[in-house]
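1. Sequence first, then the predicted structure, then my questions.
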Amino acid sequence: MPNPELLKFYGDPTRYSLFMANFEPHVESRLNPTDDASKLQYLIQHCKGEANKLIEFCSVLDFSAGYQKAKQLLFENYGRPRVIARKYVNKLSKG
């Protein structure tokens, strides 16, 4: 079978859950549990635009702390139910 294509994340809260549901089994779970350096690199690599700018500074932190901080920032800015709901409401109200 072909390798699954890893999704890119551009900062759309309505796509956050799909991105993480793709990233965690295809990247995070396949790497050594202690290899936070690679996990962080892949996460930064697969985030583009606004999302990438949000987390790119995490690479200067300790790898473990940087990976956890990057995931936390992505969740806080794009994954909270309130943020996702607001994005859907905005989409609906704009047609």
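-> Cool, got the structure. All of these numbers come straight from a predicted model, not from anything done at the bench.

2. For the strand or helix carrying G66, C-alpha coordinates in PDB please.
-> Of the helices and strands defined by DSSP states H and E, G66 is found in helix 63-74. In PDB, the C-alpha atoms belonging to helix 63-74 read as follows (Å, rounded to 0.1, in the frame of the first residue of the first chain):
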ATOM      1  CA  PHE A  63      13.100  19.500  22.500                       C
ATOM      2  CA  SER A  64      10.700  18.000  24.900                       C
ATOM      3  CA  ALA A  65       9.500  21.300  26.200                       C
ATOM      4  CA  GLY A  66       9.400  22.700  22.700                       C
ATOM      5  CA  TYR A  67       7.300  19.900  21.400                       C
ATOM      6  CA  GLN A  68       4.800  20.100  24.300                       C
ATOM      7  CA  LYS A  69       4.700  23.900  23.900                       C
ATOM      8  CA  ALA A  70       4.000  23.700  20.200                       C
ATOM      9  CA  LYS A  71       1.200  21.200  20.700                       C
ATOM     10  CA  GLN A  72      -0.200  23.400  23.500                       C
ATOM     11  CA  LEU A  73      -0.100  26.500  21.400                       C
ATOM     12  CA  LEU A  74      -1.800  24.800  18.500                       C
END
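
3. Report the buried residues of it.
-> F63, G66, Y67, Q68, K69, A70, K71, L73, L74 (16 or more other CB atoms under 10 Å). Backbone N, C-alpha and C define where each C-beta goes, glycine included.

4. Which residues are in contact with the first one?
-> Under the criterion of CB atoms under 8 Å, 6 or more residues apart in numbering, the contact list for F63 reads D36, A37, L40.

5. Thought A65 was touching the last one, still the case?
-> Going back to what we said before, that points to L40. No - shown here, L40 and A65 do not form a contact pair, counting by CB atoms under 8 Å, at 9.6 Å.

6. lowest average confidence, helix or strand, in the protein?
-> When the helices and strands of the chain are compared on mean pLDDT, DSSP states H and E, helix 81-93 comes out lowest with a mean of 91.
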